[in-house]
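Engineer: Here you go, sequence then predicted model.
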Amino acid sequence: MEVIVQRDYAAMSKVAAQIVAELLNTKPNAVLGMATGSTPLGLYQELVRLHKKEQLDFSRVTTFNLDEYVGLNVNHPQSYHYFMHEHFFRHVNIPPHNINIPSGTTSNYPAFCAWYEKRIAECGGIDLQILGIGSDGHIAFNEPTSSLSSRTRLKTLSKQTIDDNARFFERREDVPVYAITMGVGTILDARKLVLVASGKTKAKAIGRRRGHSGQITGTEHLGHRRSANRPAARRTAEAGRAGLHGARECTSVCQAVRLCPLLPPE
């Protein structure tokens, strides 16, 4: 696993956006996996800037979102449909028919989940999956006990996840308790994962997934691409400890915080 630590949120977002832009410049018809939440927001803002100022083209891109709350319609201000259209899709030139987001109001969830998996396969699989991470280490709405082979399905949200998301709703009781989410296995099928993490609570989660207390080691200093010259077996072992061992390539872009002390560059 490649770990890129940046000094602040803005720098982290730009590095992550550049990884996406590099893919689109080499494969204009790439399939992108999208995440919602406060952490990837800066990444999306930078991609919008690159589109408007530097003509980054999304006209042949296909997207698949990770998840959606059950029970929220597409126009609900806390739905992930609304979030993605408000903050990203309406600002770039992705054709509407190339945008795929799980339905939180379907009448047949098992059938929809099977269709979503089939649709991803029909598009050739996901080239790059953007990920955030929950304070308890969950990816998408896959709580820490989720099977590594799980596919798109309904999930009951943990108390920690509901508590974390309550700030987005007027009342805690308004937070949905179910979600439709890509499974861990679905996510790991992506050719490349880019996980963005910012803040002290996320530092703890990254530390738990990396198998230590959250501290960044001497070879994970600012801007250093840690895995570039590391033996493949060791990189694979690191990814396994992170719970992402099925991914073909995984990059974690993190903001440096006090819980992750940094050493000066070597």
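Structural biologist: Cool, the structure landed.
Engineer: Would you map the strands across the stretch 151-266 of the chain?
Structural biologist: 153-156, 178-181, 192-197, 250-255 (DSSP state E, counting those that start in this stretch).
Engineer: Pick out the shakiest of those strands, pLDDT-wise.
Structural biologist: Among these, strand 250-255 carries the lowest mean pLDDT, at a mean of 79.
Engineer: contacting residues around that strand?
Structural biologist: Defining contact as C-beta atoms under 8 Å, 6 or more residues apart in numbering, one finds that strand 250-255 is touched by 1-9, 11-12, 15-16, 19, 192-199, 202-203, 206, 216, 239, 242, 244, 260. Placement of C-beta: from N, CA and C, glycine included.
Engineer: hmm, back to that, let's have the strands of the stretch 151-266 of the chain in TSV, adding distance to Asn142 and mean neighbour count.
Structural biologist: Shown next, in TSV, are those (distance: least, C-beta to C-beta, whole Å; neighbours: other C-beta atoms under 10 Å):
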stretch	distance to Asn142	mean neighbour count
strand 153-156	7	17
strand 178-181	6	24
strand 192-197	13	25
strand 250-255	15	24
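Engineer: Quick one: closest of the ones you listed to Thr63.
Structural biologist: Nearest of these to Thr63, taken as C-beta to C-beta: strand 192-197 at 14.0 Å.
Engineer: what's next to the closest one, contact-wise?
Structural biologist: In contact with strand 192-197 (C-beta under 8 Å, 6+ apart) are residues 12-13, 16, 19-20, 23, 39-40, 43, 127-133, 139, 187, 203, 205-206, 244, 247-255.
Engineer: Can you pull out the low-pLDDT segments for the chain?
Structural biologist: 207-248, 256-266 (pLDDT under 70).
Engineer: biggest helix in it, by residue count?
Structural biologist: Criterion DSSP state H: the longest helix present in the chain is helix 9-26.
Engineer: Give the buried residues for that one.
Structural biologist: Neighbour counts over helix 9-26 (16 or more other C-beta atoms under 10 Å) mark 9, 11-17, 19-21, 23-24 as buried.
Engineer: what helix or strand is His81 on?
Structural biologist: His81 belongs to helix 80-87 when elements are defined using DSSP states H and E.
Engineer: what helices or strands is that helix leaning on?
Structural biologist: Packing partners of helix 80-87 (3 or more C-beta pairs under 8 Å, 6 or more residues apart in numbering; DSSP states H and E): helix 41-54, strand 67-69.
Engineer: Could you export it as CSV, CA atoms only?
Structural biologist: The C-alpha trace of helix 80-87 is given here as CSV (Å, rounded to 0.1, in the frame of the first residue of the first chain):
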residue,chain,number,x,y,z
TYR,A,80,-26.0,10.7,-1.6
HIS,A,81,-27.7,11.3,-5.0
TYR,A,82,-28.2,14.9,-3.9
PHE,A,83,-24.7,15.2,-2.5
MET,A,84,-23.1,14.0,-5.7
HIS,A,85,-25.1,16.1,-8.1
GLU,A,86,-24.8,19.2,-5.9
HIS,A,87,-21.0,18.9,-5.4
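Engineer: what helix or strand is Phe64 on?
Structural biologist: Using DSSP H and E, Phe64 falls in strand 62-65.
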